[in-house]
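Participant: Sequence first, predicted model second:
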Amino acid sequence: MHIIDHTRCLLSIGRGRPQVYYDGYQLPLFDAIIPRIGASVTQQGAAVINQFELMRTFSVANADALLQCRDKLRCLQKLAQKGIAIPQTVSVVSGEDLFPVISSVGGLPVVIKLLESTHGVGVILAETFRNAEATIEAFHRLKERVIVQEFIKEVKGTDIRAIVVGGKVVAAMKRQAKAGEFRSNLHRGATAEKVVLTEAENQLVSQVAKLMKLNFAGVDFLRSNRGGLIMEVNASPGLEGIEGVTEIDVAGKVIELIEKECKEVAI
């Protein structure tokens, strides 16, 4: 296994087959890659993944799928198009009248989200119209794209993170936000426990990963009064939290997937 910083890769295309250079050296043909791409370098990371795909290297994360998942609106659009249940969501443009926007998602409070964010950064619960208006205006001044979502009160600060590898759910945990916080991210001080999904939830999560064309994904959903609501799909999910909570070797499952895929190609 080779650890490569994708931000230091040079990509060569044109005559001959595509090449990847790393610190001045041409990389050999790899059997597979496991992309771990930070949110701040998504475009660059996707370009490197795509280069390896052009070289017919198996990738655990597809470049186009990574780009689509990182844009929350595009991801939710695709899921809704395929009939997957999501929270009521509205994209907001600068200067728009917010009264109909807030009404369309069930009224206050509402959740305001940046389209490209991780670990709960840029996710705010607005409990008054004035607070919602000020928050959205501030984001727009920073040239950030924003969506407004309905607040699912009954989940009481909990959500489910499920990891899918090769089309199957291999681990799942229930996260509980700390007191006074509605975001259930572990980076925000939430607690977590191992959870067993229902058959319907297993099918939902597996279907979402398949729709997004991800061999390896983290799928977050809410257990609402109207069933599972997909919140987010992560094409490069962290493993430390869920492996610690569930005591499942998720990374090992990813390696097993690579062994299977590469063996089939060789045959």
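Facilitator: It's in.
Participant: Which residue ranges of the stretch 151-267 of the chain form helices?
Facilitator: 199-211, 240-246, 250-266 (DSSP state H, counting those that start in this stretch).
Participant: can I get those helices in CSV with distance to S103?
Facilitator: From N, CA and C alone the C-beta is placed, and that goes for glycine too. Formatted as CSV, the helices of the stretch 151-267 of the chain follow (distance: least, CB to CB, whole Å):
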stretch, distance to S103
helix 199-211, 28
helix 240-246, 37
helix 250-266, 42
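Participant: Give me the distance between the residue nearest in space to the middle of the chain and K156.
Facilitator: Closest to where the C-alpha atoms of the chain average out (CA atoms, centre = their mean) is N234, at 1.9 Å. Distance of N234 to K156, given as CB to CB, to the nearest Å: 23 Å.
Participant: E261 now?
Facilitator: From E261 over to K156 (counting by CB to CB), the distance is 40 Å.
Participant: more neighbours, the two?
Facilitator: Ranked by neighbour count (other CB atoms under 10 Å), E261 and K156 place E261 first, with 17 against 10.
Participant: Where does pLDDT dip in the stretch 151-267 of the chain?
Facilitator: Within the stretch 151-267 of the chain, the stretches with pLDDT under 70 are 187-188, 265-267.
Participant: swap the cut-off to 90 and go again
Facilitator: Along the stretch 151-267 of the chain, the parts satisfying pLDDT under 90 run over 177-190, 263-267.
Participant: who touches the residue nearest to H2 when sequence neighbours are not counted in this structure?
Facilitator: Once flanking residues are discounted, H2 sits nearest to F30: 7.4 Å by CB to CB, 6 or more residues apart in numbering. Neighbouring residues of F30 by CB atoms under 8 Å, 6 or more residues apart in numbering: 2, 52, 57.
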